[in-house]
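Q: here is my input, please return the structure:
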Amino acid sequence: MNHRLFSLFAAALLTPLFTACLEEPEPFANTKEGNFEALWHIVDTRYCYLDYKQVNWDSVYEVYHPRLDTIHSDVALFDLFASMLNTLKDGHVNLYSSFDISRYWKWFLDYPSNFDTELLHTDRYLGEDYRMAGGIDYALIDGGKVGYLYYGSFLDEFTDENIRRIFQTFASCDGLIVDIRNNGGGSIALAEKLASYFMQEKTLTEYMNHKTGDGHSAFSKPVAVYTSASIPDMRWEKPVVVLANRHSFSATNSFVCRMKLAPNAIIMGDRTGGGGGMPLSNELPNGWMVRFSACPMFDANMQHTEWGLDPDVSVMLDSTDRANGFDTLIETAIDWIGAH
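A: Sure, this is the predicted structure:
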């Protein structure tokens, strides 16, 4: 799921809060019954969206617990646990074993992709001679009037010098397109860093809660999350268009949330995939690891971001444009920059 660094960052940030407020349960036996009870208990006491998603976790227990009698292998047990976890409909919920990783991908598979990587590498956009810096592919497009960069993963580190050189290349452009379609997330610290280059001042962009007890709604008061502004000579102050789709998830969702408050910025494309919960992990008695959303994130208006964020301008990849070698989203962004 491309969120390992994101999970590590969240764990480092939130472990003191959890250890101060939540007690570890008594250990469960390493049996299929014990592992089931451990998994159900972790979700019941630690998962942050049960009430928000209106999931009756007791009813889930009643549905899945009787099925243990039909389980006679570790693979079958894994599949049972994975099916139970998928009732949460959360891309941040995974079960890890030595032979498989469970995943819930309907948050993007059930929607149009609005993205075609082959189009990006035509001469109209990136072409073959694009430049690369810190995981970012970039090129001048529209006759040099627009800067275009594609960033495919917030797992790929970049430096201030990378961004400085990119902005220097785009210095004479009328505007910039930041394409984060199909970016499945990664480091939330990199999401904050990339957004900082487009901020004029430190800005309150999100809120976060953490669990204070085992109850489904036992949360702290909201904690403000800010996006800092980069140093003055590292700020992009011309129009910027962020292109997003349903596969823009997790840390990318956070980046879009921040960019909605950046001056001169607009979000185009489709609703993001969400993934607003900060993930943490716990171990089952048999050594399997379960990752889950532990802390809900909100936008600056205290609205949940778990189900994704709507664009400012909705644009879908047109099939006729696609057949003719045009990316509808990029073309719409070019037109918007030209008008601003």
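Q: going forward, measure contacts and count neighbours with C-alpha atoms only.
A: Will do.
Q: buried ones in stretch 95-102?
A: L95, Y96, S97, I101, S102 (16 or more other C-alpha atoms under 10 Å).
Q: and for stretch 306-314?
A: E306, W307, G308, L309, D310, P311.
Q: returning to what we had before: for the buried residues of stretch 95-102, work out which two are farthest apart.
A: Farthest-apart pair in these is S97 and S102; separation 8.7 Å (C-alpha to C-alpha).
Q: what separation do you get for Y150 and W57?
A: Distance of Y150 to W57, computed by C-alpha to C-alpha, to the nearest Å: 40 Å.
Q: quick one, what contacts the closest residue to C257 other than its chain neighbours?
A: Using C-alpha to C-alpha, 6 or more residues apart in numbering and skipping residues adjacent in sequence, the residue nearest C257 is D299, 6.4 Å away. By C-alpha atoms under 8 Å, 6 or more residues apart in numbering, the residues touching D299 are T205, E206, Y207, C257, T305.
Q: roughly how far out does the helix or strand hosting the second one sit from the chain middle?
A: In this structure, E206 is located in strand 203-208 according to DSSP states H and E. Here the centre of strand 203-208 is set off from its chain's centre by 16 Å, with C-alpha atoms, centre = their mean, to the nearest Å.
Q: do the same with stretch 216-234
A: A distance of 16 Å separates the centroid of the chain from that of stretch 216-234, by C-alpha atoms, centre = their mean.
Q: residues near the closest residue to P296 other than its chain neighbours, how many?
A: Nearest residue to P296 in three dimensions, chain neighbours excluded: G277, at 4.5 Å (C-alpha to C-alpha, 6+ apart). By other C-alpha atoms under 10 Å, 29 other residues sit near G277.
Q: do the same with L109
A: Neighbours of L109 (other C-alpha under 10 Å): 11.
Q: what do you get for T205?
A: 24.
Q: same question for the one 3 residues further on.
A: When counting by other C-alpha under 10 Å, one arrives at 21 neighbours for M208.
Q: tell me how far the residue lying farthest from the centre of the chain lies from G143.
A: Relative to the centre of the chain, the most outlying C-alpha is that of D69, 37.2 Å out, by C-alpha atoms, centre = their mean. According to C-alpha to C-alpha, D69 stands 67 Å off from G143.
Q: do D58 as well
A: According to C-alpha to C-alpha, D58 and G143 sit 60 Å apart.
Q: same thing with I188?
A: Distance from I188 to G143, by C-alpha to C-alpha: 34 Å.
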